[in-house]
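[1] Would you be able to build a 3D model of this:
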Amino acid sequence: MRAFAFSGKMDSMTSHPDHESPIHDDGTRLHGEYKVPGGKLVVVDLEVDDGRFSKVSLSGDFFLEPDEALEDINRALTGLPDNSTAADIAAAVAAGLPEGAVMFGFSAEAVAVTVRRALSKATGWADHQWEVIPPSVLPTQVNVALDEVLTEEVGAGRRNPTLRFWDWEEPSVVIGSFQSVRNEVDPDGVSRHGITVVRRISGGGAMFMEAGNCITYSLYLPQTLVDGISFADSYAFLDAWVMAALEKLGITAFYVPLNDIATDQGKIGGAAQKRLANGGMLHHVTMSYDIDADKMVDVLRIGKEKLSDKGTRSAKKRVDPLRRQTGLARSVILQAMQDVFTERYGAVETRLTQSELDEARQRVDAKFGTDEWLNRVP
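    Purely as a prediction, here's the structure:
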């Protein structure tokens with residue numbers, strides 16, 4: 001199978017795999033690059049004449065058979081309106097491929113993302129000034145409220161895209177937006193162990209979170225960063241940096257669709273997302289650093305369907321904490337994550353503003369701390 005390489009920018013891209021920002025070489029020639037998560041680099045050069053794509057040239061270090069399919073893709077893109085959606089572009093590419101064509105390391109959807117980047121209708125990591133908020137101890141309800149507040153702030157353009165690390169003191173269970181409280185949480189176990197139960201704005205499953213035993217972070221970003229990327233692929237795309245950080249610590253981690261993060265030894269965490277109407281997006285992850293498995297199964301009602309062939313004993317084994325895998329202090333792992341993110345994306349350290357904290361606390365009183373919100377799916 002033939003690889004399609006290109007010259008010039010390839011070397012500079014190699015050391016920065018997430019640096020796929022659109023580049024306008026001149027007034028008419030547009031250039032976009034996209035590194036497929038776990039795949040290859042895709043590059044598109046094109047012009048726009050009278051609102052339509054022209055002089056389209058696709059390249060990259062991907063593999064494609066037969067060779068002639070490269071020109072088929074270029075022809076499929078030529079003439080498309082410059083306001084085509086990512087779905088429109090991907091459909092045109094798929095329809096233009098000859099029967100039996102094989103794409104390895106990229107896809108029709110990846111080509112669409114690259115075209116959108118060339119048009120500056122999608123953004124890359126390097127198009128934004130990233131900020132990092134280091135962990136500070138806050139009540140779990142405030143942490144959950146901050147996720148809503150800061151996602152809105154980024155969507156409205158009042159805050160730069162931000163990575164925030166959580167910290168908290170009280171043992172907690174954070175359930176997904178659409179989960180049933182009584183199906184997920186054992187009230188007797190909650191009472192016995194003094195657990196705070198909070199409902200977040202994103203979907204997904206319940207997280208058992210004891211202070212010092214988890215690593216939790218939230219990314220607040222504009223949806224343009226994942227424009228054209230499928231919902232499923234966006235998880236690995238947004239967490240490529242943390243996979244690199246774990247690799248530096250000797251852990252080879254990967255995504256298990258849809259939203260579990262695992263190693264060969266077991267699950268280490270899970271992710272969830274929420275997209276707001278104002279263009280802001282929340283992507284947050286909780287990883288297990290250590291775990292009291294007996295307490296976890298006493299507090300959570302382990303879903304019978306999910307574990308029907310494994311039983312409660314297996315439920316304890318589904319999570320394999322980072323402490324056991326690395327032997328490192330939690331603070332060391334947190335610092336490694338912050339360092340990798342800062343180095344990759346040129347992030348600057350910042351703090352929550354007083355107005356953001358005040359707004360979050362108001363929302364705890366009005367929403368996240370209320371029985372009405374917690375029990376909205378009883």
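
[2] switch to C-alpha atoms for all contacts and neighbour counts from now on
    Noted.

[3] Now do the end-to-end distance for stretch 118-127.
    13 Å (Cα to Cα, to the nearest Å).

[4] repeat for stretch 123-136
    End-to-end span of stretch 123-136 (Cα to Cα): 30 Å.

[5] tell me which residues in it are buried?
    By neighbour count on 16 or more other Cα atoms under 10 Å, the buried set for stretch 123-136 is 123-125, 128, 130-135.

[6] Is it possible to get a markdown table of those that adds distance to Met207?
    Output for the buried residues of stretch 123-136, formatted as a markdown table (distance: Cα to Cα, whole Å):
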| residue | distance to Met207 |
| --- | --- |
| Thr123 | 31 |
| Gly124 | 30 |
| Trp125 | 29 |
| His128 | 31 |
| Trp130 | 27 |
| Glu131 | 26 |
| Val132 | 23 |
| Ile133 | 22 |
| Pro134 | 21 |
| Pro135 | 19 |
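
[7] Go through these and flag which are in strands.
    If you go by DSSP state E, these have 131-133 in strands.

[8] ok, what's across the strand from Thr216?
    Bridge pairing for Thr216 (DSSP bridges) gives the partners Thr286.

[9] circling back: looking at the ones in strands among the buried residues of stretch 123-136, which is nearest Val242?
    Nearest to Val242 among these is Val132, at 13.7 Å by Cα to Cα.

[10] Now do the contacts for that closest one.
    Shown in contact with Val132 (Cα atoms under 8 Å, 6 or more residues apart in numbering): 162-164, 338, 342, 347-351.

[11] Now do the helices in the stretch 101-250 of the chain.
    Here the stretch 101-250 of the chain has its helices, by DSSP state H, counting those that start in this stretch, at 108-118, 140-155, 181-184, 187-193, 231-238, 240-248.

[12] Mean neighbour count and mean pLDDT added to those, as CSV?
    Below are those laid out as CSV (neighbours: other Cα atoms under 10 Å; pLDDT from 0 to 100):
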stretch, mean neighbour count, mean pLDDT
helix 108-118, 28, 96
helix 140-155, 24, 99
helix 181-184, 16, 94
helix 187-193, 14, 96
helix 231-238, 18, 94
helix 240-248, 18, 97
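
[13] Measure how the strand or helix carrying Arg361 sits relative to helix 140-155, angle-wise.
    Using DSSP states H and E, the element containing Arg361 is helix 354-363. Interaxial angle, helix 354-363 versus helix 140-155 (axes from the mean of the first three to the mean of the last three Cα atoms, to 10 degrees): 130 degrees.

[14] And the next helix or strand past helix 354-363?
    Next helix or strand after helix 354-363 toward the C-terminus (DSSP H and E): helix 371-374.

[15] Determine the set of other helices and strands touching that following helix.
    With contacts taken as 3 or more Cα pairs under 8 Å, 6 or more residues apart in numbering; DSSP states H and E, helix 371-374 sits against strand 196-199.

[16] mind checking which of the helices of the stretch 101-250 of the chain is nearest Arg275?
    Across the helices of the stretch 101-250 of the chain, Arg275 has its closest neighbour in helix 140-155 (8.5 Å, Cα to Cα).
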